[in-house]
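Q: only geometry, no sequence info:
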Ligand SMILES: Cc1cc2nc3c(=O)[nH]c(=O)nc-3n(C[C@H](O)[C@H](O)[C@H](O)COP(=O)(O)O)c2cc1C
């Protein structure tokens, strides 16, 4: 059974909420949801302590912890946001800023390489591409194995305003997406983009740039030949939990 976590970039249950929830339901597992800013509404204060010292020194670390833990426990992470002036909501952007330290150029969380991520947005008419990119950039740099984007121009300002024909099309497209995610979960490995980025980052960390990041990569063995997505297989073969 797959575990899905949805991070909604808004508090209300409009078109974006319904599409994100529809996908999670079709994936058909355990669903955990967070609404921004209700469940996390802080702005990054720009202290850069997460980069230079440790993420748990962030003044918002404890407030963010329930979402961080849910994402680490999930198989699928859905980021969903309505298009606001061609981009994600301010709440979604403020949330993503707090994980800058997890970008592959710094200290990516190992489990991300074994998860699938989905970006969902709706617009009245335009701005889906840049909004999806706002979220997909983070998922890629977090190291997620597979990333999907779903943007829809709904010609409406809420779910009830969407035409039955469009709702039908959404249902079909979301069914296909859910099937793809379920199918891939059976034998998940990172795509070329994630692997390529990891390769470039591992060369960079070998040269050394930020001491904390170098220590992290070395301790993980990633500057040598260990790879975050291979851990599970190795464990199975060796029969240990180390
Ligand atoms: C502040 C704000 C900015 C918006 N900017 C855009 C935009 O740039 N392009 C667009 O097509 N629709 C824009 N919209 C409309 C919403 O993106 C659209 O109605 C969306 O489907 C709403 O999703 P929701 O029902 O989940 O809230 C904007 C709406 C708001 C409230």
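A: Here it is on my side, so go on. What you see is a predicted model; the values in this text were computed from it and never measured.

Q: C-alpha only now, for contacts and for neighbours.
A: OK.

Q: tell me where this structure has helices.
A: Using DSSP state H, the helices of the chain run over 15-27, 49-52, 61-73, 90-97, 128-142, 164-185, 192-207, 211-220, 231-238.

Q: the ligand contacts on the protein?
A: 14-17, 82-86, 122-127, 154, 156-159 (Cα under 6 Å from any ligand atom).

Q: low-confidence ranges in the protein?
A: By pLDDT under 70, the low-scoring segments of the chain are 231-242.

Q: follow-up on the earlier one: from the residues of the chain next to the ligand, which ones fall inside strands?
A: 82, 122-123 (DSSP state E).

Q: who's in contact with the residue most central in space within the chain?
A: For the chain, the residue nearest the mean C-alpha position is residue 139 (4.2 Å; Cα atoms, centre = their mean). Shown in contact with residue 139 (Cα atoms under 8 Å, 6 or more residues apart in numbering): 117, 147.

Q: picking that back up, closest one to residue 38 among the helices of the chain?
A: Closest approach to residue 38 among the helices of the chain is made by helix 90-97 (9.3 Å; Cα to Cα).

Q: which of the residues of the chain next to the ligand count as buried?
A: Using 16 or more other Cα atoms under 10 Å as the burial test, these include 14-17, 82-84, 86, 122-124, 126-127, 154, 156, 158-159 as buried.

Q: okay, now residue 59: neighbour count?
A: Residue 59 has 15 neighbours, counted by other Cα atoms under 10 Å.

Q: actually residue 57, not the one I wrote
A: Neighbour tally, residue 57, other Cα under 10 Å: 14.

Q: can you check residue 109 too?
A: Residues near residue 109, counting by other Cα under 10 Å, number 16.

Q: OK, contacts around it?
A: 102, 142-143.

Q: same check, this time on residue 60
A: residue 42.

Q: ditto for residue 205
A: By Cα under 8 Å, 6+ apart, the neighbours of residue 205 are 213-214, 217, 223.

Q: same check on residue 185?
A: Contacts of residue 185 (Cα under 8 Å, 6+ apart): residue 116.

Q: check the one 4 residues further on too.
A: Neighbouring residues of residue 189 by Cα under 8 Å, 6+ apart: 113-114, 145-146, 229.

Q: which members of these are positioned in strands?
A: residue 146.

Q: residue 80 touches residue 12, doesn't it?
A: No. Counting by Cα atoms under 8 Å, residue 12 is not a contact partner of residue 80; they are 11.9 Å apart.

Q: out of these two, which sits in the more crowded spot?
A: Taking neighbours as other Cα under 10 Å, residue 80 and residue 12 compare with residue 80 leading, 30 against 13.

Q: can you get me a residue count around residue 105?
A: Residue 105: 20 neighbours (other Cα under 10 Å).

Q: ok, for it, nearest residue in space, not its chain neighbours?
A: residue 201 (5.9 Å; Cα to Cα, 6 or more residues apart in numbering).
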